[in-house]
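Novice: What shape does this take:
(one chain, ligands or ions: 1)
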Amino acid sequence: MYDVIVVGGGPAGMSTALVLGRARRRVLVCDSGEYRNYAARAIHGYLTRDGVSPTEFRRIARAELARYEGVELRDVRVASAHRGPDRFEVTFLGGGSAEGRRLVIATGVVDELPEIPGFETFFGRGVHHCPYCDGWEVRDRPLAVYGRGDAKGAGLALELLLWSRSVVLCTDGPSGLSDRCSTKLARHGVPVRTERIVCLEGRDWLERVVFESGPPLECAALFFNTACHLRSDLALRLGCDADAWNCRVDAKTGKTSVPGLYVVGDASRDVFQVIVAAAEAAEAAVTINRELLSADGLLD
Ligand SMILES: Cc1cc2nc3c(=O)[nH]c(=O)nc-3n(C[C@H](O)[C@H](O)[C@H](O)COP(=O)(O)OP(=O)(O)OC[C@H]3O[C@@H](n4cnc5c(N)ncnc54)[C@H](O)[C@@H]3O)c2cc1C
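Specialist: Have a look, this model is predicted:
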């Protein structure tokens, strides 16, 4: 039996495994290869790794884990998980199962992209959801924002003024803006385009937004603010409390309402960054290790 089974081999899952591996725990990491940042060319904002490609990040992470004999990584999707009196059992898609004393869900989220032709094509190539991740690369260049209403539309457009003075809010239909926010946008020189968007165009990078009427909007990038959902419902099926798009956990430890079950990374928080996911996971790993020490009578 493993000490800990980790479902998810992204930054959060692998960070949990690294800390536990170094504590000489037997850890199984299961990874289905569906990474949230599949479309990104680079990871920004991770000190010492700023600008590394996601593929290279995973290669380095897996090589580091391979140093620890207690850590096993399997490229497999976990289809279900059950909680018994003193252990969890996970079942793999295609057959097989494993048991662990603790279970960590690090399965991330999926971004819901608007169904506009070109949106998915340019996702990560001029279409971005996070200014902290991708704003610097397009600083001082013309930017578009996709979103409606005061928070998702105006809020993001005004925030982007930090990166560029040339920001246009595209609401793809009625703006849903309050008078107060419309006035604020006008005061800060942010035009609002309410025409329906027909498609996004470019070559290997986004170049323009094309509307049903009116001239296309040339831009270096478009930032959007839509919803996401949990990639896996494993934690929910085990009885974990959840909000609209993430599991409810103790903010410091990643503990859920289900004893022995932890959720870390994007699946549990709303600051979506690699370094944050990895840090949360490391904190959870220390808590899990203490919990196991205590269960084994080695810690009061
Ligand atoms: C386009 C884009 C660009 C981004 N750029 C940046 C950036 O520049 N800087 C930054 O800090 N952040 C960036 N992010 C955010 C960053 O990618 C996430 O915050 C980070 O990946 C979260 O890590 P995670 O481990 O929680 O989830 P993920 O990286 O999504 O990993 C989840 C893992 O769980 C696995 N999994 C899911 N279900 C199962 C299952 N049932 N069985 C087995 N495995 C399963 C998946 O295969 C995957 O390996 C970007 C995101 C996107 C979408």
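Novice: gap between the closest residue to the ligand within the stretch 201-300 of the chain and residue 13?
Specialist: Residue nearest to the ligand within the stretch 201-300 of the chain: residue 265 (2.3 Å; Cβ to the nearest ligand atom). Quick note: C-beta positions are derived from backbone N, CA and C, even for glycine. Distance of residue 265 to residue 13, given as Cβ to Cβ, to the nearest Å: 7 Å.
Novice: Among the two, which residue is more densely surrounded?
Specialist: residue 265 (32 against 28; other Cβ atoms under 10 Å).
Novice: mind listing the helices for the stretch 1-150 of the chain?
Specialist: Under the criterion DSSP state H, counting those that start in this stretch, the stretch 1-150 of the chain carries helices at the ranges 11-22, 54-65, 131-134.
Novice: who in the protein is up against the ligand?
Specialist: By the criterion of Cβ under 6 Å from any ligand atom, the positions of the chain lying close to the ligand are 7-13, 30-37, 39-40, 43-46, 77-78, 106-108, 111, 124, 133, 231-232, 265-267, 272-275, 277.
Novice: before we move on, the earlier item: just give the nearest non-adjacent residue to the residue of the stretch 201-300 of the chain closest to the ligand, would you?
Specialist: In space, not counting the residues next to it along the chain, residue 265 is nearest to residue 12; the distance is 2.7 Å by Cβ to Cβ, 6 or more residues apart in numbering.
Novice: ok, the one you found touching residue 262?
Specialist: No - Residue 12 is beyond contact range of residue 262, at 10.2 Å (criterion: Cβ atoms under 8 Å).
Novice: Can you find the helix or strand of this protein with the lowest average pLDDT?
Specialist: In the chain, no helix or strand scores lower on mean pLDDT, DSSP states H and E than strand 228-230, which sits at a mean of 91.
Novice: Follow the chain on from that strand and name the next helix or strand.
Specialist: Reading on from strand 228-230 to the C-terminus, the next helix or strand found by DSSP states H and E is helix 234-237.
Novice: same for that following helix, what does it pack against?
Specialist: Taking 3 or more Cβ pairs under 8 Å, 6 or more residues apart in numbering; DSSP states H and E as contact, the helices and strands that helix 234-237 lies on are strand 78-83.
Novice: Got the phi and psi for the residue in the stretch 51-200 of the chain positioned nearest to the ligand?
Specialist: Closest approach of the stretch 51-200 of the chain to the ligand (Cβ to the nearest ligand atom) occurs at residue 108, with a separation of 2.5 Å. Backbone geometry at residue 108, expressed as degrees, to the nearest 10, gives phi 70, psi -170.
Novice: And for residue 124?
Specialist: Note on residue 124: backbone dihedrals following degrees, to the nearest 10 are phi 80, psi -10.
Novice: Surely it touches residue 42?
Specialist: No - between residue 124 and residue 42 there is no contact, the gap being 9.2 Å when judged by Cβ under 8 Å.
Novice: ok, the longest strand that the chain contains: who's next to it in the sheet?
Specialist: Scanning the chain for the strand with the most residues, using DSSP state E, yields strand 97-105. Counting by DSSP bridges, the strands paired with strand 97-105 are strand 2-7 (parallel), strand 88-92 (antiparallel), strand 261-263 (parallel).
Novice: just those strands: most buried one?
Specialist: Using mean count of other Cβ atoms under 10 Å, the stretch among the strands paired with strand 97-105 with the greatest mean number of neighbours is strand 261-263 (a mean of 29).
Novice: what mean pLDDT does it have?
Specialist: Within the predicted structure, the mean pLDDT of strand 261-263 is 97.
Novice: Thanks a lot, see you next time.
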